[in-house]
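Visitor: Compute the structure for the input listed below.
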Amino acid sequence: MAIYNITSQQLKGTGILNSFEIASVGSFSNVYSVAFDGTDDHIDLGASSTVADGGQFSFSFWIKGGTAPTSGYPYLFSADYYNQHTLWLVRGNDIRWVNVNNGHKIVAVGVLDNSWHHVLIIWNPDGANTTIRCFVDGANEVNVSTDWRYGTGGIYKGALQYIGNRAGQNPGFNGNLDEFAIWDDDQSANVSAIYNSGQVHDLNALSSPPVNWYRMGDGNGGTGSTVTDQGTGGINGTLTNDAVFEEDVPS
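Guide: All right, here's what the predicted structure looks like:
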């Protein structure tokens with residue numbers, strides 16, 4: 001957006017040479033994301049969290065990161081280790097789903113390239129085998145089959161507890177996350193509305209608002225250590241170790 005310096009004489013009507021429009025400012029703005037340094041920092045949602053606790057779910061988030069380590073397990077988000085049946089991690093340039101038997105399946109390809117990307121992961125069990133669908137920047141990129149051998153649903157058992165790592169392990173995710181939203185149902189019919197042509201927007205204005213929506217600093221001025229849940233669930237997170245709010249967002 002262009003910036004115009006207007007003199008007092010121009011405001012009096014003497015010499016405005018160019019006409020222009022002043023953009024309106026709405027109530028929604030996006031200033032902050034959370035930065036993780038790749039060590040032991042994370043967002044802790046608490047052991048009692050019920051976020052996406054089994055059944056259908058949809059995860060939506062913006063991610064910016066560099067190439068992850070080729071060894072070790074830098075977790076992107078996960079449940080409590082002893083109650084879960086799935087993990088999500090970054091390896092190389094990709095995001096992967098990993099079951100408790102250490103079976104890896106890539107769900108988002110090449111998103112760790114130091115640019116912002118939108119990722120929407122959807123799971124809806126419909127039989128003995130089911131499919132994870134992943135949309136990157138609004139396009140259906142990957143569909144991978146899961147199995148149910150490891151407990152109810154196989155893919156998820158236990159509430160989401162950590163974002164950016166798992167219980168402070170090292171290494172963790174190295175990069176930024178923004179606008180982390182969770183639904184407890186299948187949002188495949190709303191992919192276009194959630195992605196919004198790449199424009200971050202008010203997810204609570206959708207016909208199906210998220211159960212949990214972590215704006216990563218917006219709403220509390222990027223201060224303190226609380227990551228406020230601005231969805232309907234009311235489960236706040238806590239910045240832990242060296243995770244920080246940062247003025248780096250999708251644009």
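
Visitor: got the phi/psi numbers for the residue lying closest to residue 77 once chain neighbours are set aside?
Guide: Closest residue to residue 77 apart from its sequence neighbours, by Cβ to Cβ, 6 or more residues apart in numbering: residue 163 at 4.7 Å. C-beta here means a position set from N, CA and C on the backbone, and glycine is covered the same way. Note on residue 163: its backbone torsions stand at phi -120, psi 130 [degrees, to the nearest 10].

Visitor: so how far is residue 117 from the residue most central in space within the chain?
Guide: By Cα atoms, centre = their mean, the chain has its centre lying nearest to residue 61, at 2.3 Å. Distance of residue 61 to residue 117, computed by Cβ to Cβ, to the nearest Å: 10 Å.

Visitor: follow-up on the earlier one: tell me the strands beside the helix or strand hosting the residue nearest to the centre of the chain, with direction?
Guide: Take DSSP states H and E as the rule and residue 61 turns out to sit in strand 57-65. In the sheet, strand 57-65 lines up against strand 117-123 (antiparallel), strand 174-183 (antiparallel) (DSSP bridges).

Visitor: Any idea how far the shortest one is from the middle of the chain?
Guide: This means strand 117-123. Relative to its parent chain, strand 117-123 has a centroid offset of 8 Å by Cα atoms, centre = their mean, to the nearest Å.

Visitor: Can you give me the pLDDT of residue 142?
Guide: Note on residue 142: pLDDT of 87.

Visitor: And the one 5 residues further on, by the same measure?
Guide: Each residue has a pLDDT score; the one for residue 147 is 60.

Visitor: sorry, back to before: right, so of the strands paired with strand 57-65, which gets closest to residue 88?
Guide: With Cβ to Cβ as the measure, strand 117-123 is the member of those nearest residue 88 (8.0 Å).

Visitor: so how far is residue 130 from the residue nearest to residue 77?
Guide: Residue 163 is 24 Å from residue 130, where distance means Cβ to Cβ.

Visitor: likewise residue 184?
Guide: 16 Å.

Visitor: about what we covered before: between residue 163 and residue 130, which is the more surrounded one?
Guide: Using other Cβ atoms under 10 Å as the criterion, residue 163 and residue 130 rank with residue 163 on top: 28 against 19.

Visitor: which ones are touching the more buried one?
Guide: Residue 163 makes contacts with 34, 42, 43, 45, 76, 77, 177, 180, 214, 237, as judged by Cβ atoms under 8 Å, 6 or more residues apart in numbering.

Visitor: Now do the helix or strand hosting the third one: which elements does it pack against?
Guide: The reference is to residue 43. In the assignment (DSSP H and E), residue 43 maps to strand 42-44. Counting contacts by 3 or more Cβ pairs under 8 Å, 6 or more residues apart in numbering; DSSP states H and E, strand 42-44 packs against strand 160-163, strand 237-240.
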